[in-house]
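> Provided below for reference: sequence and predicted model.
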Amino acid sequence: DTGVSQNPRHKITKRGQNVTFRCDPISEHNRLYWYRQTLGQGPEFLTYFQNEAQLEKSRLLSDRFSAERPKGSFSTLEIQRTEQGDSAMYLCASSTDRGAQETQYFGPGTRLLVL
Amino acid sequence: GENVEQHPSTLSVQEGDSAVIKCTYSDSASNYFPWYKQELGKRPQLIIDIRSNVGEKKDQRIAVTLNKTAKHFSLHITETQPEDSAVYFCAASRASGGSYIPTFGRGTSLIVHP
């Protein structure tokens, strides 16, 4: 499968714990995005990277959230001191800056449940 | 920031009928408008997109129209089939660092009855 992959697919944690999610983009894609999706809503933009540089962060991204893409390939999203309101699907997407392509290809998501 | 309104939230049609989903946006800086289809438990997938310098785009049974002046855009699906049943999301995107950052609508659940 050469699409975007995410791990784990499901995560259950207790409030106050830290969690980390991983995203592997399509191999030739240099842009990587993180979104959060709650039930009945569209995806909400959190942050994006071009190569290893984090170019934009949403104000939705509180200080408890941090994302990295150290080598410009896979990315991790960490949530510290989780809260019940963090329960959501976390989606990753990737795209390329080659040509006129704007299409973002989404991964299957990581579903987080905070108890 | 951008605000995208999407209607209806649920749309039920008979197989073979047409379906229309409408979105409005608030930020005149938005200039790229993708539509995504999300089947239950699956990832969103792009089905069609349109740039702000184009008024209409068609791909087989799917078409999108854009009215920049009124800040609204619509998805049209003709000859609907049961496999078209899914949640459809519109998005209005602004440029950022060479990429586009979308603001999504809340989605329309399309149900096509055989």
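Good, I have the coordinates.
> for whatever residue of chain B ends up closest to chain A, give its distance to A:Gly109.
Nearest residue of chain B to chain A: B:Phe104, at 2.8 Å (CB to the nearest CB). In short, each C-beta sits where N, CA and C put it, glycine included. For B:Phe104, the distance to A:Gly109 (CB to CB, to the nearest Å) stands at 14 Å.
> so which residues of the chain form strands?
Because you didn't say which chain, this covers chain A. If DSSP state E is used as the criterion, the strands of chain A fall at A:5-7, A:10-13, A:19-24, A:31-37, A:44-50, A:53-57, A:65-68, A:75-79, A:88-95, A:105-106, A:110-114.
> meant chain B actually
According to DSSP E, the strands that chain B contains are B:4-7, B:10-14, B:19-25, B:32-38, B:45-51, B:56-59, B:62-67, B:72-77, B:86-96, B:99-104, B:108-113.
> partner strands of the fourth one and their direction?
Looking at strand B:32-38 with DSSP bridges, its partner strands are strand B:45-51 (antiparallel), strand B:86-96 (antiparallel).
> now do it against strand A:31-37, angle only.
Angle, strand B:32-38 to strand A:31-37, by axes from the mean of the first three to the mean of the last three CA atoms, to 10 degrees: 60 degrees.
> quick check: mean pLDDT across strand B:32-38?
Strand B:32-38 comes out with an average pLDDT of 96.
> OK, contacts around the closest residue to B:Thr10 other than its chain neighbours?
Excluding its sequence neighbours, the residue lying closest to B:Thr10 (CB to CB, 6 or more residues apart in numbering or on different chains) is B:Ser109, at 4.8 Å. B:Ser109 makes contacts with B:9-11, B:86-87, as judged by CB atoms under 8 Å, 6 or more residues apart in numbering or on different chains.
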